[in-house]
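Colleague: Kindly return the folded structure for what I paste below:
(2 chains)
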Number of protein chains: 2
Amino acid sequence: VKASDRLSQISGVPIMLVDDLDTPFPTVDLDLVARNLQRAAGYFAAHNIALRPHIKTHKIVEFARQQVAAGACGITCQKLGEAQIMANGGITDILLTFPILGARKLSRLAALAERIAMLTVADSKQVADGIAQAAAGLKGGIGILVECDVGGDRCGVQTPEQVVALAKHIARHSSLRFAGLMTYPPTGQIEKTRAWLHHALGLLKAAGLNAANISVGGTPEMYRAHEIGLSTEHRPGTYIYSDRYMVANGIGTFGDCALKIVTTVVSRPTADRAIVDAGSKTLSSDLMGFEDYGHIVEYPSARLAKLSEEHGHVDCSQSGNKPKIGERLTIIPNHACVVSNLFDQVQAISGRQFVKALKVDARGQVQ
Amino acid sequence: VKASDRLSQISGVPIMLVDDLDTPFPTVDLDLVARNLQRAAGYFAAHNIALRPHIKTHKIVEFARQQVAAGACGITCQKLGEAQIMANGGITDILLTFPILGARKLSRLAALAERIAMLTVADSKQVADGIAQAAAGLKGGIGILVECDVGGDRCGVQTPEQVVALAKHIARHSSLRFAGLMTYPPTGQIEKTRAWLHHALGLLKAAGLNAANISVGGTPEMYRAHEIGLSTEHRPGTYIYSDRYMVANGIGTFGDCALKIVTTVVSRPTADRAIVDAGSKTLSSDLMGFEDYGHIVEYPSARLAKLSEEHGHVDCSQSGNKPKIGERLTIIPNHACVVSNLFDQVQAISGRQFVKALKVDARGQVQ
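Modeller: Numbering: from 1, shown residues only, chains lettered A, B, ... in the order given. Here you go, the predicted model:
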């Protein structure tokens, strides 16, 4: 039974087609979402690795609940505001993978940790000390994973030796628990990640410290998570929607991409140029290594070569068929996470049928 | 009298500092906004060119009203949804510079044209015919400017001869008025723009058609608008906030940039790397020809070299002073228009004082 059928049976509302909505708008196919979640749940269950999806991709409470219902141990958030909204929506186990600083944010974090199982990260004494102070008086304190930079060149301690020093520092605070390691490794470095973490775990063991949780992130290599051999949990984000970048990385095909932009050809000023009503305020400017801004489903040889804010410039010189004024095109974006963040709502569909508008709950002004 | 003083006198609310807000957030300095609007109003009045600001930059009703109060003849919108929200906010003269297509949008356009003075554009017979049909029965019809591609390679008819053909087509519809020409020329082509428009105007005159309005757009060369010599109105957008790209184009200095992002240094993993809590979901990925993602006011030699979604990667190897964990930095974005579109609110300030939160009225799901 398709998601839309279930819904129209429940609501009794006559079925609307996607064609009834004004462009541009993002659609999310609920059947593909369910399939993507199921595939991931199956893989991680088979490998005995906990699945802790990163909700930054969708920011929608209903999808987070669906991920938990499909077997996720909890969720990952990148912002405190996201975690607050997800907790308000009934999610009870959240890892916040961002260093939290400042009196106001720390008190918001402590308030969350009073209500739900809350883990967060630190890569410096300053961050750990701030959380320790905020967590004083909290029953059970707050669990901290030490963030490790295994080659991603973002946050994180730089060496296994620094892991031990920070873990010891954390363990000395009565309001903190040293809960393990967190890393977001770059693609293509599974062996290096494994070696780095193995070294750190050896040093921790020698120091009498137990890293209960080894949390690794990223969708591109999620189906190789077992090759690291040490992970206790994995944090993929984009897998729920997938996108052009994930397809290029071998995570399924365009047929698995649940988030798409529906746009209209508004101008055909020359034989080889079409202008659509999806620009950088719809698709973002993220290139992700591509030379153009998305995959056009109906005209795969046409190139979305340039974006203005509300115009997409399509070069159809290499396309045998050419789009016509008024025609609707479907675009698979390079990067789903930043696209869903541009919209207050996504349009949930099943095939070509409209199901309902879903509010992107955690986007916007929340810090 | 500074804007914040006026406001605290009115409200009697104790003055809050920007430091009291959690990062990342956009601030808009109302004193700089007023100064930027005043400068533009003075220039266009002196040159007898109407000023029709493009509100895509700010999408805030209060600023649109302020632009009209400062002498603008009306406003420009890029989306029908923007125009609806601005009309609801009391703006009574709007040019919509985007080809409108499809039954639903056309009926929304006609409904707007019933309430306020509404102009729009066409670069094809299809678009003109659709508007004509929607405008049938509207008192006075709808005025259409023919969009001209003078070198911007976006929408627009390609030759002055095509202008005449489309203008004639428009004039034949009893529900349309041919109202003139609209173009968004590329930077650095004032002479070419002038020649193109001059040619088209000659052909129109010979055909007995009057182009009442010659509307030209863009902030980078707004203070050279008089050099085109033919414009009756100009549509700058970014001038209200300015940004790094405009400063690079000689439109004022960093001291004129009213929109800034306040961010916090959350990690200092290496001697030369700082991570801030402003990434591509805060600053967008727009490069605008730069090699990095914004100007850091406090560390002008540091480079915002890379963005993750919520992390900004700062290379401070070339900076004598290095930012510290917990320190707040102020970023002037490359491109203000796409940044304000990422936020539900901007924080209106005067100097370092918080004035009020301003809703970004027209951003979000509206098409």
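
Colleague: need the residues of the stretch 1-150 of chain A near chain B, please.
Modeller: Applying C-beta under 8 Å from any C-beta of the partner chain, one finds that the stretch 1-150 of chain A approaches chain B through A:20, A:22-25, A:56, A:78-80, A:98-99, A:101-102, A:104-105, A:123-124, A:126-127, A:149. All C-beta spots, glycine's among them, are computed from the backbone N, C-alpha and C.

Colleague: Which ones among those lie within helices?
Modeller: A:80, A:104, A:105, A:126, A:127 (DSSP state H).

Colleague: before we move on, the earlier item: now, the residues of the stretch 1-150 of chain A next to chain B that are in strands?
Modeller: Counted as lying in strands by DSSP state E, out of the residues of the stretch 1-150 of chain A next to chain B, are residue A:25.

Colleague: Can you say which of the residues of the stretch 1-150 of chain A next to chain B are buried?
Modeller: Applying 16 or more other C-beta atoms under 10 Å in any protein chain shown to the residues of the stretch 1-150 of chain A next to chain B, the neighbour count classes A:22-25, A:56, A:78-80, A:98-99, A:101-102, A:105, A:123-124, A:126-127, A:149 as buried.

Colleague: Dump the ones in helices among the residues of the stretch 1-150 of chain A next to chain B to CSV, plus pLDDT.
Modeller: Formatted as CSV, those follow (pLDDT from 0 to 100):
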residue, pLDDT
A:80, 97
A:104, 95
A:105, 97
A:126, 98
A:127, 98
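
Colleague: In those, find the pair that's most separated.
Modeller: Spatial extent of these (C-beta to C-beta) is set by the pair A:80 and A:126 at 17.1 Å.

Colleague: got a pLDDT number for the residue of the stretch 101-250 of chain A found nearest chain B?
Modeller: Closest approach between the stretch 101-250 of chain A and chain B, counting by C-beta to the nearest C-beta: residue A:155, at 4.2 Å. Note on residue A:155: pLDDT of 98.

Colleague: What of residue A:43?
Modeller: Looking at residue A:43, its pLDDT is 98.

Colleague: which stretches of chain A have low pLDDT?
Modeller: A:1-15, A:365 (pLDDT under 70).

Colleague: so where do the helices sit in it?
Modeller: A:3-11, A:30-46, A:61-69, A:80-88, A:103-115, A:125-135, A:160-172, A:190-206, A:225-228, A:244-248, A:280-283, A:336-340.

Colleague: Which among those helices is found nearest to residue B:204?
Modeller: helix A:280-283 (33.6 Å).

Colleague: Which strands or helices does the closest one pack on?
Modeller: If you count contacts as 3 or more C-beta pairs under 8 Å, 6 or more residues apart in numbering or on different chains; DSSP states H and E, helix A:280-283 packs onto strand A:259-270, strand A:303-307.

Colleague: Among those strands, show me which one is buried the most.
Modeller: strand A:259-270 (a mean of 23; mean count of other C-beta atoms under 10 Å in any protein chain shown).

Colleague: Could you export it as CSV, CA atoms only?
Modeller: Extracted in CSV, the C-alpha atoms of strand A:259-270 (Å, rounded to 0.1, in the frame of the first residue of the first chain):
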residue,chain,number,x,y,z
LEU,A,259,13.7,15.1,-2.5
LYS,A,260,13.2,16.9,-5.9
ILE,A,261,12.5,20.4,-7.0
VAL,A,262,9.6,21.0,-9.4
THR,A,263,10.3,24.0,-11.5
THR,A,264,8.7,25.6,-14.6
VAL,A,265,10.4,26.7,-17.8
VAL,A,266,9.6,30.5,-17.9
SER,A,267,11.7,31.6,-20.9
ARG,A,268,13.4,30.2,-24.0
PRO,A,269,15.3,33.3,-25.1
THR,A,270,17.6,31.4,-27.5
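
Colleague: Report the angle between it and helix B:160-172.
Modeller: For strand A:259-270 against helix B:160-172, the angle by axes from the mean of the first three to the mean of the last three C-alpha atoms, to 10 degrees is 110 degrees.

Colleague: got the residues of the stretch 251-367 of chain A near chain B?
Modeller: Near chain B, when you scan the stretch 251-367 of chain A using C-beta under 8 Å from any C-beta, you find A:264, A:266-270, A:273, A:275, A:277, A:280-281, A:284-287, A:308-311, A:313, A:325-326, A:337-338, A:341-345, A:364-365, A:367.

Colleague: So how do I select the buried members of those residues in ChimeraX?
Modeller: Listed next is the ChimeraX selection for buried residues among those, using 16+ other C-beta under 10 Å:
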select /A:264,266,267,268,269,273,275,277,280,281,284,285,286,308,309,310,311,313,325,326,337,338,341,342,343,345,364,365,367
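
Colleague: Now residue A:160: closest residue in space, sequence neighbours ignored.
Modeller: residue A:200 (3.8 Å; C-beta to C-beta, 6 or more residues apart in numbering or on different chains).

Colleague: ok, now which ones touch the one you found?
Modeller: Residue A:200 makes contacts with A:148, A:160, A:163, A:164, A:181, A:211, as judged by C-beta atoms under 8 Å, 6 or more residues apart in numbering or on different chains.

Colleague: now the residues you listed in a markdown table, with neighbour count?
Modeller: Shown next, in a markdown table, are the contacts of residue A:200 (neighbours: other C-beta atoms under 10 Å in any protein chain shown):
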| residue | neighbour count |
| --- | --- |
| A:148 | 30 |
| A:160 | 20 |
| A:163 | 27 |
| A:164 | 20 |
| A:181 | 30 |
| A:211 | 21 |
